[in-house]
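Undergrad: Here is a sequence with its predicted model. Questions after.
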2 protein chains.
Amino acid sequence: MALPPAVELRRRNRAALLEQLHRHGPQTRAALTEALELNRSTIGALATDLAESGHLQETTGQSTGSAGRPSTLVACVPQSITVAAVEIRADRLRFALVGLGGEVLERSETALEDGDDPVSAVAVITGGKAGDAVDAVAAMPGLVDEGTVAHSTELGWVDRDVAADLEAATGREWQVVDTATAAAVGEWSRGDAHEARKLLYLHGGRGLTAGLVIEGRSQRGGSIQLGHIVVEPGGRECACGLRGCLEAEMEAFVFAEDIENATLAAGMGDAAARDRLRRSGEDLGRALGAVVTATGPDEILFGGWLRELYLSTAAPVRSALAETTLPHLRSKLRLRTPVLGDEGALMGAAETGFAAVFDRMR
Amino acid sequence: MALPPAVELRRRNRAALLEQLHRHGPQTRAALTEALELNRSTIGALATDLAESGHLQETTGQSTGSAGRPSTLVACVPQSITVAAVEIRADRLRFALVGLGGEVLERSETALEDGDDPVSAVAVITGGKAGDAVDAVAAMPGLVDEGTVAHSTELGWVDRDVAADLEAATGREWQVVDTATAAAVGEWSRGDAHEARKLLYLHGGRGLTAGLVIEGRSQRGGSIQLGHIVVEPGGRECACGLRGCLEAEMEAFVFAEDIENATLAAGMGDAAARDRLRRSGEDLGRALGAVVTATGPDEILFGGWLRELYLSTAAPVRSALAETTLPHLRSKLRLRTPVLGDEGALMGAAETGFAAVFDRMR
DNA sequence: ATCATATGTTGCAGACAACAACAAACCTCG
DNA sequence: CGAGGTTTGTTGTTGTCTGCAACATATGAT
């Protein structure tokens, strides 16, 4: 039989079991039985199967304190499935090898100079390790569509087929996602934004991007060029050729240090700094208003240097948002800062890889 | 056995077969075998099964002209599964009973006076027919979220639980979707926008709404309040409480007749009319720019009276769009008018119902 | 008329998950 | 400390499903 009939069902269940353990950590067989809505015997068969193939580790004899035979605890074996994750920025490169269950098995980081090509740096930093990984994902700031970076302010790329370049440099396939979407996935899966149904992550690097994630899954083209929302028709010229882009209008704040200085100066009574902060917050809020009206998220996270900007300018951001979105969209909306810091994108890239792995198993 | 193991697989295949026939029309068994990637014998079993249960009609002995035994043609029986679809506008109500395969079995329409409650009119127009339908879907203009209309300029509703009201009035469950999203689904499935991966439908009624459909499937919260994108910060006061909303700025064109008059006047050299048309087009293009940047569609359809506006003002719409979106997002974008006219929403509502029916079968 | 071709049909085998009965391992209570 | 209750793992059985192969059927080509 080329394609046994019920094998597919088996595979689906196997994938579901691994995904459950990956996302919710070690559990008893009994808990798995309930979570997957399968029979005890089915779970038993799957678990022993996966334990034999080295994907799971079963620990028996865990006295729970309650009546009845204690259930055997089953946990992932991280090394059995690994995903290579890379986060590219203009000034540095991060790499992590993440195992099944979410454990970070290896990690490293290098600085990039202006002029270095991040793609060849990826080949160096991953060494041979990416080859062993079941999936590999690279996150980078910009408008990403199916392996191609259509536009990236930070990296200065237009229509670069990064997936192909990465494959040429490392000898393996790569998924390419944008940093903001990756960070959103990371915050949803490994942060504390798990309840958000529509999560919008704003990322401030050298450019401003945003990523939309619905119920934890990134969307085709959920990559949003927040920095190129026009907030001032006919305003300042932007590097992209348009006028009045958020990025151009907020030019003064393209690097994080400026915000800290401005916040400091504003705190010391510098009216000009205060004014610049306020206006930046208002511009951000206005751009955000359009994005919120168009996408209707229920949670917004301010990441990268937008985190600092938001913490300094929450009031103008909120008031500008209030002036540009319907009360109904606003009322269900929470504005926060991410909990994973600048790790979110790397973790999210890994999770994106695992999602693909589980999908492929079915 | 309460839940036989492979029954689920059987159900999935049965649903897939019906969906295939519903969407692509009558086909031979051989074609189905190829499309569903199942064995001849499996298709045979499913087909005879479904023919016995009255869902399918098999016609044998269709000589195709090519060699080999002629394949039996299999077609849906429309009456076997029906969906009730309703399109609500402030001024009229449309009803259609659509059968499996897409055939419209019944249809009717009534005018509504200001002050009539559309919900009770739905009970009247559907009569008892909605009760027999397997699913029922109502499309209405506004921001719809899980059966509740959060905001509707046209109907003047805020946070009305329409699904509950419809159920109370008609004695059956209803899905509620917004007109623009429904129309997008309709154009995708029954119109000529089937290749569009991300389809944005703009609907002009008494308010302006938009609906986003990705690969033919409506998204949770794909309902967009286009009319309340702020195009003129601090501009005219809008009924919603904000200032500078597209709807408020385009107030002069809230009814279609005005556009026809303006187009006529502009054609006869009326500079003021020409100017108003141009400015309306620019406002629309600017709002659209923000939505495009935030959602990245590859096709935009101008429906309702926006169709007329677009036909009269394509140039300013396009140039304003060009000034507010990145070249990359624009290059893959097609702007068109719908082919189903004002039938799209009704057809799309029915398709939404069928999608739910097939989902439920799995 | 015969052969090649394409398709429907039938009997069989492999696979799988639910079920039920049994075994194992814990707790509690007297 | 032992009996009973409780929860969980294990094993053999059963019903269902799909793919396969062989056969039957209906057409066109030679």
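TA: Good, I have the coordinates.
Undergrad: Which residue is it, in chain A, that comes closest to DNA strand D?
TA: As assessed by C-beta to the nearest atom of the strand, DNA strand D sits closest to A:Gly68 within chain A, at 2.1 Å. Placement of C-beta: from N, CA and C, glycine included.
Undergrad: give me the number of residues near that residue?
TA: By other C-beta atoms under 10 Å in any protein chain shown, the residues close to A:Gly68 number 7.
Undergrad: Can you name the residues that contact A:Ala314?
TA: A:Gly281, A:Leu335 (C-beta atoms under 8 Å, 6 or more residues apart in numbering or on different chains).
Undergrad: So which bits of the helix or strand harbouring it are buried?
TA: Using DSSP states H and E, A:Ala314 maps to helix A:305-322. Within helix A:305-322, the residues scored as buried using 16 or more other C-beta atoms under 10 Å in any protein chain shown are A:305-310, A:312-313, A:316-318, A:320-321.
Undergrad: Just the CA trace of that helix, in CSV.
TA: Extracted C-alpha coordinates of helix A:305-322, given in CSV (Å, rounded to 0.1, in the frame of the first residue of the first chain):
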residue,chain,number,x,y,z
TRP,A,305,12.5,50.9,20.9
LEU,A,306,8.8,51.6,20.6
ARG,A,307,8.6,50.1,24.1
GLU,A,308,10.6,53.0,25.5
LEU,A,309,8.7,55.5,23.4
TYR,A,310,5.4,54.1,24.6
LEU,A,311,6.5,54.1,28.2
SER,A,312,7.4,57.8,27.8
THR,A,313,4.4,58.8,25.8
ALA,A,314,1.5,56.5,26.6
ALA,A,315,-0.9,59.5,27.1
PRO,A,316,-0.5,61.1,23.7
VAL,A,317,-0.5,57.7,22.0
ARG,A,318,-3.7,56.8,23.6
SER,A,319,-5.4,60.1,23.0
ALA,A,320,-4.3,60.1,19.3
LEU,A,321,-5.6,56.5,19.1
ALA,A,322,-8.9,57.6,20.7
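Undergrad: So A:Cys76 sits against A:Leu18, correct?
TA: Yes. Between A:Cys76 and A:Leu18 a contact is recorded at 7.3 Å, counting by C-beta atoms under 8 Å.
Undergrad: does the residue at minimal distance from the centre of chain A count as helix, strand or coil?
TA: Nearest to the geometric centre of chain A sits A:Ala182, at 2.0 Å (C-alpha atoms, centre = their mean). What DSSP: H, G, I helix; E, B strand; the rest coil gives for A:Ala182 is helix.
Undergrad: State the distance from it to DNA strand C.
TA: Distance of A:Ala182 to DNA strand C, given as C-beta to the nearest atom of the strand, to the nearest Å: 33 Å.
Undergrad: which residues does that residue contact?
TA: Shown in contact with A:Ala182 (C-beta under 8 Å, 6+ apart): A:Glu87, A:Val137, A:Ala139, A:Gly211, A:Ser218, A:Gly344, A:Ala345, A:Leu346, A:Gly348, A:Ala349, A:Thr352.
Undergrad: for the buried residues of helix A:305-322, which one is nearest B:Val119?
TA: A:Leu321 (33.1 Å; C-beta to C-beta).
Undergrad: Which residue comes closest to that closest one once chain neighbours are left out?
TA: Spatial nearest neighbour of A:Leu321, chain neighbours left out: A:Gly285 (4.4 Å); criterion: C-beta to C-beta, 6 or more residues apart in numbering or on different chains.
Undergrad: I'd assumed A:Arg330 was in contact with that neighbour.
TA: No. Using C-beta under 8 Å as the test, A:Gly285 is too far from A:Arg330 to be in contact (11.2 Å).
Undergrad: So for the two, which residues contact both of them?
TA: Jointly contacting A:Gly285 and A:Arg330 under the rule C-beta under 8 Å, 6+ apart are A:Leu321.
Undergrad: So which of the two has more stuff around it?
TA: For A:Gly285 versus A:Arg330, the count of surrounding residues by other C-beta under 10 Å is larger for A:Gly285: 26 against 15.
Undergrad: where's that one relative to A:Ala271, distance?
TA: Per C-beta to C-beta, to the nearest Å, A:Gly285 is found 21 Å from A:Ala271.
Undergrad: before we move on, what about A:Ser41?
TA: Computed as C-beta to C-beta, the A:Ser41 to A:Ala271 distance reads 74 Å.
Undergrad: now do A:Ala150
TA: 41 Å.
Undergrad: The two: who's more crowded?
TA: Taking neighbours as other C-beta under 10 Å, A:Ala150 and A:Ala271 compare with A:Ala150 leading, 22 against 9.
Undergrad: For that one, list the residues it contacts.
TA: By C-beta under 8 Å, 6+ apart, A:Ala150 lies in contact with A:Gly142, A:Leu143, A:Val144, A:Val158, A:Asp159, B:Leu326, B:His328, B:Leu329.
Undergrad: filter those to the buried ones?
TA: Neighbour-count burial (16+ other C-beta under 10 Å) applied to the contacts of A:Ala150 gives A:Gly142, A:Leu143, A:Val144, B:Leu326, B:His328, B:Leu329.
Undergrad: bridging residues for the third one?
TA: Same thing as A:Val144. A:Val144 has these beta-bridge partners by DSSP bridges: A:Val149.
Undergrad: who touches it in this structure?
TA: Contacts for A:Val144 (C-beta under 8 Å, 6+ apart) come out as A:Ala150, A:Val162, A:Val176, A:Val177, A:Asp178, A:Thr181, A:Ser223.
Undergrad: Make TSV out of these and add pLDDT.
TA: Output for these, formatted as TSV (pLDDT from 0 to 100):
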residue	pLDDT
A:Ala150	86
A:Val162	94
A:Val176	95
A:Val177	95
A:Asp178	93
A:Thr181	95
A:Ser223	86
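Undergrad: Just flag the most distant two among those.
TA: Put simply, by C-beta to C-beta the two of these set farthest apart are A:Val162 and A:Thr181, 14.7 Å from each other.
Undergrad: more neighbours, those two?
TA: Taking neighbours as other C-beta under 10 Å, A:Val162 and A:Thr181 compare with A:Thr181 leading, 29 against 23.
Undergrad: Does the longest helix seen in chain A pack against any helices or strands, and if so which?
TA: Counting by DSSP state H, the longest helix found in chain A is helix A:271-295. Applying 3 or more C-beta pairs under 8 Å, 6 or more residues apart in numbering or on different chains; DSSP states H and E, we find helix A:271-295 packed against strand A:198-204, helix A:246-249, helix A:256-267, helix A:305-322, helix A:327-331, strand B:217-224, helix B:271-295.
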